[in-house]
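# Task: produce atomic coordinates for the following.
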Amino acid sequence: TEELRCESYDPDDLRLGEPVPVNPRLFPDLYLGYGDAKSSHTKREVLKMRLLSILLNKLGANYYKEVNDAADDLFTVQRSDEDKPISTPSEFVQALLDTSHEIEAVPSSRLTTFGVGMCIK
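As a prediction, the model looks like this:
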């Protein structure tokens, strides 16, 4: 029997997953994964960025809804029941600034790989 190994989750970990073979028979040295490369962001930072991207994209889609007379079906965000609903990306960023969050933005354009990496071992 194989002993199961259970690692605890570390939100500040920079490691990427272990590479796995693509097809040992056809491509004996080709693996899916990033080899021994380290991530430039912790797991916590990656999750924060994904959540922020989802929220900003959904709020940004409200512009399209407003132009097409679907303003009654807007996606909104609220910090608490007492706060007014936020329906635009600029309102969301302003709400973060108003609650003492520090925001740094860097416009960039990059190729997207959707998390697929390959390496040779």
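# give me the element the most centrally placed residue in the chain is part of.
What sits nearest the mean C-alpha location of the chain, by CA atoms, centre = their mean, is Arg50, with 2.1 Å. Per DSSP states H and E, Arg50 falls inside helix 43-67.
# for the helix or strand following that helix, what is the average pLDDT?
Next in sequence after helix 43-67, counting helices and strands by DSSP H and E, comes helix 89-98. On average, the pLDDT along helix 89-98 is 94.
# List the buried residues for helix 89-98?
Going by neighbour count (16 or more other CB atoms under 10 Å), the buried part of helix 89-98 is Pro89, Phe92, Val93, Ala95. Bear in mind the C-beta positions are built from the backbone N, C-alpha and C, glycine included.
# contacting residues around the last one?
By that I understand Ala95. By CB atoms under 8 Å, 6 or more residues apart in numbering, Ala95 lies in contact with Arg79, Asp83, Ile86.
# sorry, back to before: what's the separation between the residue nearest to the centre of the chain and Ala105?
For Arg50, the distance to Ala105 equals 16 Å [CB to CB, to the nearest Å].
# go on, Ser90?
12 Å.
# likewise Gly60?
Taking CB to CB, one finds Gly60 at 14 Å from Ala105.
# give me the low-pLDDT residue ranges for the chain?
Applying pLDDT under 70 to the chain flags the ranges 1-6, 110-115.
# run the last query once more with 80
Applying pLDDT under 80 to the chain picks out residues 1-7, 71, 106-116, 121.
# longest single strand anywhere in it?
Among the segments of the chain that qualify as a strand by DSSP state E, the longest is strand 27-32.
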